[in-house]
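Novice: Coordinates for the following, if possible.
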Amino acid sequence: MPRTKRLSDEQVLEGALKLLHESGPEALTFESVARACGLSAATLVQRFKNKAGLKQSTLLLAWDRLDEKTEQLAATVPKTPDGAVELLVALSSDYGGIEAYAEGLLVLREDLRDPILRARGAAWKAALSTALEDCFSQVRRAPQGIGLLTASQWQGSLLWWSFDPEGSVESYVEASLRRFIYAIVVSGS
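Specialist: Residues are numbered from 1 along each chain as shown. Next comes the predicted model:
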C-alpha cells in the first residue's frame, strides 16, 4: 500500500498562496491545490470544508506573512522619516511588475469581500500606521496622524505607478514618499 503524503495545513496553504499569486483567486480550487501539493481534493475538502474556507485560510496566511514582514521591518529601520521610506519601499518590493500588481488587486478584492479578512486589513493598517508614527517621533511639529497619512500616500503612489509603470515600483514609491515627507514635514515647519 503506498504511503500517503502528510503535509501540514501551513504547507498546503503555502502551495495555495503561490497558486493564488500566480494565477489569481479564481484559480484557487480544490483540484488545482490538490495538483500543486500532491494531496487529493477530498483530503483538502475535509480540511477546509469548502472553497470559501480554503480561500480564507490562504489569505489569512498571507496576512500573517505581511504582519511578520511589517513587524520585522519596523524593528530594523531607523526611527526617522528616512526609515519610514525604507520600510514602505521594502514592503513595495513584493509587488513586482505591473502584471503581478494587477493580480494582487484581485486578491485585495477577495480580502474586501470577507469581514474576517477586512478586519485583518484594519489591524494591519493600525500596526503599520503606528510603526510609521514611530519613525516621525523625533520630528518637531510632525502632523498628528502622520503614520496613516504616510501609509495613505504610499498606497496612492502604488496606484498611480500602476497606471504608468515606467521604472521600478520601488523607485517610484521612494521618490513619491520623499516629496510627500518634504512637503508635509520639512516645508511645513
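Novice: tell me the centre residue of this structure?
Specialist: L66 (5.2 Å; CA atoms, centre = their mean).
Novice: hang on, it packs against W124?
Specialist: Yes: assessed by CB atoms under 8 Å, L66 is found in contact with W124 at 6.3 Å. Every residue, glycine included, has its C-beta placed from N, CA and C.
Novice: contact partners of the helix-or-strand element of the chain with minimal mean pLDDT?
Specialist: None of the helices or strands of the chain scores lower by mean pLDDT, DSSP states H and E than helix 98-113, at a mean of 90. With contact meaning CB atoms under 8 Å, 6 or more residues apart in numbering, helix 98-113 is reached by 20-21, 24-25, 55, 59, 62, 95, 117-118, 120-121, 158, 162, 165, 169.
Novice: if I pick L87, what's in contact with it?
Specialist: So L87 contacts 70, 73-74, 77, 131-132, 135 (CB under 8 Å, 6+ apart).
Novice: meant to ask about L66
Specialist: L66 neighbours (CB under 8 Å, 6+ apart): W124.
Novice: Could you point out the longest helix of the protein?
Specialist: Counting residues, the longest helix found in the chain (DSSP state H) is helix 51-76.
Novice: Now do A52, the pLDDT please.
Specialist: Each residue has a pLDDT score; the one for A52 is 94.
Novice: what's it in contact with, if anything?
Specialist: A52 neighbours (CB under 8 Å, 6+ apart): none.
Novice: again, but for T29
Specialist: K51.
Novice: What of the one 4 residues further on?
Specialist: Shown in contact with V33 (CB under 8 Å, 6+ apart): 12, 15-16, 19, 41, 44, 54.
Novice: Distance of it relative to K79?
Specialist: The gap separating V33 from K79 is 41 Å, by CB to CB, to the nearest Å.
Novice: With G53 instead?
Specialist: 40 Å.
Novice: The two - which one has more neighbours?
Specialist: Set side by side, G53 and K79 show more neighbours around K79, with 16 against 13, by other CB atoms under 10 Å.
Novice: tell me the SS of that one?
Specialist: coil (DSSP: H, G, I helix; E, B strand; the rest coil).
Novice: what about the closest residue to I116 other than its chain neighbours, how many residues close to it?
Specialist: What sits nearest to I116 in space, not counting adjacent residues and going by CB to CB, 6 or more residues apart in numbering, is Q56, at 6.5 Å. Taking other CB under 10 Å as the criterion, the count of residues near Q56 is 17.
Novice: Repeat that for F180.
Specialist: 19.
Novice: Kindly provide the distance from it to G38.
Specialist: From F180 to G38 the distance is 47 Å (CB to CB).
Novice: Done for today, thanks.
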